[in-house]
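Colleague: Mind looking at a prediction? Sequence and model below.
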Amino acid sequence: MIASNMLLNAFTQNGISFGGDEQRLIGLMNRMRLFAPSHVVTGAEAVLRGILEIALKPSIELRQLAKQALAKSLDPDPLLAFSEIGRADLDSVRRGVARPPRPLGTGTSRLFRLPRRERNRSAAVHTVVQ
């Protein structure tokens, strides 16, 4: 929501301000740098760059902005590309988490399967520990 508000303000107001919303957006981007993949961070940086480029242009009235959006002659939406990057990243995380790995020795793969006596010993230890 912060970036959407900033984008609308960039189109309709002259000048650049550095208020609470802008600071929160930069804070979010800094947190993304800690946890998100590099392509997601690059997309977030592109959003901020795009908003700044629009803010540096002369402002337009809201009515004119709506007409341009309907006529599809508006500058490309910097949020669209980022939302697609974010959606793809979330989908890949969900695919990776959808099926949690099985405990060692219970899978069907021979590569990761413990020998029978090790499985029996592991089960016996597990029973004693409980």
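Modeller: Done, it's in. Numbers count the residues shown, from 1 in each chain.
Colleague: C-alpha from now on. contacts and neighbour counts both.
Modeller: Fine.
Colleague: give me the low-pLDDT residue ranges for this structure?
Modeller: 1, 73-76, 97-130 (pLDDT under 70).
Colleague: Show me how the record splits it into domains.
Modeller: When the chain is parsed with automatic domain parsing, its domains come out as 2-99, 103-130.
Colleague: Same list, the ones you listed, but as JSON lines with mean neighbour count please.
Modeller: Listed next are these as JSON lines, based on neighbours: other C-alpha atoms under 10 Å:
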{"stretch": "domain 2-99", "mean neighbour count": "14"}
{"stretch": "domain 103-130", "mean neighbour count": "11"}
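Colleague: Contacts made by stretch 18-25 with the rest, please.
Modeller: Ile2, Ala3, Met6 (C-alpha atoms under 8 Å, 6 or more residues apart in numbering).
Colleague: Keeping just the C-alphas, turn it into PDB.
Modeller: Output of stretch 18-25 as PDB, limited to C-alpha atoms (Å, rounded to 0.1, in the frame of the first residue of the first chain):
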ATOM      1  CA  PHE A  18      10.800  12.200   2.400                       C
ATOM      2  CA  GLY A  19       8.000  11.600   4.900                       C
ATOM      3  CA  GLY A  20       6.900   8.600   7.000                       C
ATOM      4  CA  ASP A  21       5.700   6.500   4.000                       C
ATOM      5  CA  GLU A  22       8.900   6.900   2.100                       C
ATOM      6  CA  GLN A  23      10.900   6.000   5.200                       C
ATOM      7  CA  ARG A  24       8.800   2.900   5.800                       C
ATOM      8  CA  LEU A  25       9.300   1.800   2.200                       C
END
